[in-house]
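Take this sequence and fold it.
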Amino acid sequence: MPPRPAMKDCNLFFFDCETGGLNPTACDMVEVACIVTDPTGQTVLNEYYAKVIPKKPVDSVAARINGYTTEKWAAEGINLDTAMVKMLGLARESVFVSHNVPFDWSFFDMAMAQRAQRWPGDYHKIDTVALATPLLKAGHIPNLKLVTLTEHFGIEHEAHRAMGDAKACRDVYLKLMELYGPLFGTVH
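Residues are numbered from 1 along each chain as shown. Coordinates of the predicted model:
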C-alpha cells in the first residue's frame with residue numbers, strides 16, 4: 001500500500017450539515033454538503049449536496065432554522081447511507097474542514113460509526129472558527145459566527161443551508177489564507 005500523502009499535499013474536504021437538533025446521539029443530519037478542492041482550496045474538484053431523510057424526530061426550532069419539512073424531504077430526500085458512501089468516496093486523502101469542527105465532525109463521525117465506516121482521509125482537521133480567532137482577539141469582528149465572517153469579508157452567503165454554508169466556509173478559509181499569507185511568505 002502506498003504511503004499516505006503529507007497533510008500539506010492532501011485535498012481539502014469542506015463540509016457542512018444541517019441537523020434535526022444539537023445532539024448527534026438524539027438527532028440526525030437532515031442536509032449535507034461537501035466541496036472537495038485541491039490542497040490550496042483554490043480549485044474545486046467535486047461538490048456534493050443532498051437532503052437526507054432523518055430517522056429521528058426533528059426539533060421544531062431546528063426545522064425553522066434550516067427549512068426542514070417532512071413533505072419536502074420525503075419528495076427530495078435520500079437516505080443517509082447513500083449520502084455517506086458518496087461523501088466518503090470523495091474524501092479520500094483529504095483533510096476535513098468546517099466552520100466549528102466539533103459540531104460538524106460529531107454528526108459526521110456518528111454517521112460513520114452507525115454504518116461501520118471510517119474516515120478515508122488525513123486525521124487532521126481544519127476549523128475556520130479557530131483560524132478566525134485572531135480577528136476576534138484584535139477586535140475586527142464581534143464574534144466567530146460564519147455569517148459575521150462572511151459579512152466582514154464581503155462574501156455572499158446562503159446561511160443555514162448545507163451547501164451555502166460549505167461554500168461560505170471555503171470562501172472564508174480562502175480569505176483567511178490571503179490574510180495570513182504575507183505573515184508566512186505564502187500559505188498555499
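
drop to CA atoms for contacts and neighbour counts, all remaining ones
OK.

Can you name the residues that contact T19?
T19 makes contact with 27-31, 58, 62, 66 under the criterion Cα atoms under 8 Å, 6 or more residues apart in numbering.

Looking at those, which are in strands?
Among these, DSSP state E puts 29-31 in strands.

Any chance of TSV for the residues you listed, columns distance to F14 and pLDDT?
Shown next, in TSV, are the ones in strands among the contacts of T19 (distance: Cα to Cα, whole Å; pLDDT from 0 to 100):
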residue	distance to F14	pLDDT
M29	16	98
V30	17	98
E31	14	98
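
So among those residues, which ones count as buried?
Using 16 or more other Cα atoms under 10 Å as the burial test, these include 29-31 as buried.

what's the closest of the ones in strands among the contacts of T19 to G154?
Taking Cα to Cα as the measure, G154 sits nearest to E31 out of the ones in strands among the contacts of T19, at 25.3 Å.

beta partners of the closest one?
Using DSSP bridges, the bridge partners assigned to E31 are E18, K51.

Would you check how far apart it and E178 are?
E31 is 30 Å from E178, where distance means Cα to Cα, to the nearest Å.

E76 too?
38 Å.

Looking at those two, which one has more neighbours?
E178 (14 against 11; other Cα atoms under 10 Å).

For this protein, give me the ranges with low pLDDT.
1, 184-188 (pLDDT under 70).

For it, which helix extends over the most residues?
The longest helix of the chain (DSSP state H) is helix 162-180.

Using PDB, list the CA coordinates for it.
Extracted in PDB, the C-alpha atoms of helix 162-180 (Å, rounded to 0.1, in the frame of the first residue of the first chain):
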ATOM      1  CA  ALA A 162     -25.600  22.900   3.900                       C
ATOM      2  CA  MET A 163     -24.200  23.900   0.500                       C
ATOM      3  CA  GLY A 164     -24.500  27.600   1.200                       C
ATOM      4  CA  ASP A 165     -22.500  27.200   4.500                       C
ATOM      5  CA  ALA A 166     -20.000  24.800   2.900                       C
ATOM      6  CA  LYS A 167     -19.300  27.400   0.200                       C
ATOM      7  CA  ALA A 168     -19.100  30.200   2.700                       C
ATOM      8  CA  CYS A 169     -16.700  28.100   4.800                       C
ATOM      9  CA  ARG A 170     -14.400  27.600   1.800                       C
ATOM     10  CA  ASP A 171     -14.600  31.300   0.900                       C
ATOM     11  CA  VAL A 172     -13.800  32.400   4.500                       C
ATOM     12  CA  TYR A 173     -10.900  29.900   4.500                       C
ATOM     13  CA  LEU A 174      -9.500  31.400   1.300                       C
ATOM     14  CA  LYS A 175      -9.800  35.000   2.700                       C
ATOM     15  CA  LEU A 176      -8.100  33.900   5.900                       C
ATOM     16  CA  MET A 177      -5.300  32.400   3.900                       C
ATOM     17  CA  GLU A 178      -4.900  35.600   1.900                       C
ATOM     18  CA  LEU A 179      -4.600  37.500   5.300                       C
ATOM     19  CA  TYR A 180      -2.100  35.000   6.700                       C
END
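
Done for today, thanks.
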